[in-house]
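J.: For reference, the sequence and a predicted model appear below.
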Amino acid sequence: PVKDISETENIVECWIKQCANKTDYVYAITLKETAEFLGIAGLHNLNNDMPELGIWTKISSHGNHYGREAIGGLIEYAKEQGYTQLIYPVDKKNIASKKIPLFYGGELIISNKLVITPDGRTLDEEVYKITL
């Protein structure tokens, strides 16, 4: 959680600029029936040969495969744009999220990538390549 709303405003402003520059797209994930906000999914680094998938969903929505469905939509969009490969980084401890690239035939290409988050946490990431 952010300490101040200005942190969220800065993030959203960054996403708007990235979208305008056509380098990253971030989408809201909402429940079809009620439009309840469930999280966000993104397609990042579109100027690279292998753009990056990203996802965050709120805890109360976990276990319903909403993340998998959202990533599937981004994969289809990437195919339509002519991309042939995507990467999906995930913290090793996030078992549910690790299942997403595996569902889409992802191949583990990096097994130990230490990443420091903006809030100072250290993640031990795995990176999967998804061939489209």
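T.: Everything's here; your move. Numbering: from 1, shown residues only.

J.: how long is stretch 112-122 end to end?
T.: One end of stretch 112-122 sits 12 Å from the other (CA to CA, to the nearest Å).

J.: so what's the residue nearest to the spatial centre of the chain up against?
T.: Centroid-nearest residue in the chain, with CA atoms, centre = their mean: Gly54, separated by 0.9 Å. Listed by CB atoms under 8 Å, 6 or more residues apart in numbering, the contact set of Gly54 reads 41-44, 89. Where you see a C-beta, it was placed from the backbone N, CA and C, and this is true even at glycine.

J.: Any quick ChimeraX command for the buried ones out of the residues you listed?
T.: To isolate the buried members of those in ChimeraX, using 16 or more other CB atoms under 10 Å:
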select :41,42,43,44,89
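
J.: Let me know the closest of the contacts of Gly54 to Lys58.
T.: Ala41 (12.7 Å; CB to CB).

J.: Please identify which helix or strand holds the closest one.
T.: strand 37-44 (DSSP states H and E).

J.: Past that strand, which element shows up next along the chain?
T.: Going down the chain from strand 37-44, the next helix or strand is strand 52-57, by DSSP H and E.

J.: all strands of the chain, in order?
T.: Assigned by DSSP state E, the strands in the chain fall at 25-30, 37-44, 52-57, 85-91, 107-116, 122-131.

J.: CA atoms of the second one as PDB?
T.: Taking C-alpha atoms only, strand 37-44 is exported to PDB below (Å, rounded to 0.1, in the frame of the first residue of the first chain):
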ATOM      1  CA  PHE A  37     -11.800  -3.700  -9.900                       C
ATOM      2  CA  LEU A  38      -9.700  -6.800  -9.500                       C
ATOM      3  CA  GLY A  39      -6.200  -5.600 -10.500                       C
ATOM      4  CA  ILE A  40      -4.000  -4.600 -13.400                       C
ATOM      5  CA  ALA A  41      -2.200  -6.300 -16.200                       C
ATOM      6  CA  GLY A  42       0.500  -4.900 -18.400                       C
ATOM      7  CA  LEU A  43       2.400  -5.400 -21.500                       C
ATOM      8  CA  HIS A  44       5.800  -3.600 -21.100                       C
END
